[in-house]
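Peer 1: 3D, please:
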Amino acid sequence: MRTLGEELERLAGELVALSHRLRDGEVGESIFTREDVERIVTNRVAREHRLRREAEQEEAALERELQELRQRR
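Peer 2: I've put the predicted structure just below:
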């Protein structure tokens, strides 16, 4: 577990790195690193897969409910 001082030092370092990246972006350099882009894309793909699985599960549940209603007629 980090101490408060260590955590503040880490955050300060991240802010300095961010300020450098933003400065680079102002002069036309890339703001995002290849790792940033890969992480963003990976997270987006994972979210889309999760949403698709949830939609498929909901569809299956509705299909079962529809079958039950048909059988009651």
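
Peer 1: Now for residue 55, how many residues are close by?
Peer 2: Each residue near residue 55 was counted by other Cβ atoms under 10 Å, and the total is 10. Quick note: C-beta positions are derived from backbone N, CA and C, even for glycine.

Peer 1: and this structure, what are its domains?
Peer 2: Domain assignment of the chain by automatic domain parsing yields the ranges 1-31, 36-73.

Peer 1: from the chain's centre, how far out does the first one sit?
Peer 2: Put plainly, it is domain 1-31. Centroid displacement of domain 1-31 relative to its chain, using Cα atoms, centre = their mean, to the nearest Å, is 20 Å.

Peer 1: Any buried residues in it, and which?
Peer 2: By neighbour count, with 16 or more other Cβ atoms under 10 Å as the criterion, domain 1-31 contains no buried position.

Peer 1: what's in contact with the worst-scoring helix or strand of the chain on mean pLDDT?
Peer 2: Ranked by mean pLDDT, DSSP states H and E, the helix or strand of the chain with the weakest confidence is helix 4-26, at a mean of 94. With Cβ atoms under 8 Å, 6 or more residues apart in numbering as the test, helix 4-26 has contacts from 2, 30-31.

Peer 1: Nice, that's everything, thank you.
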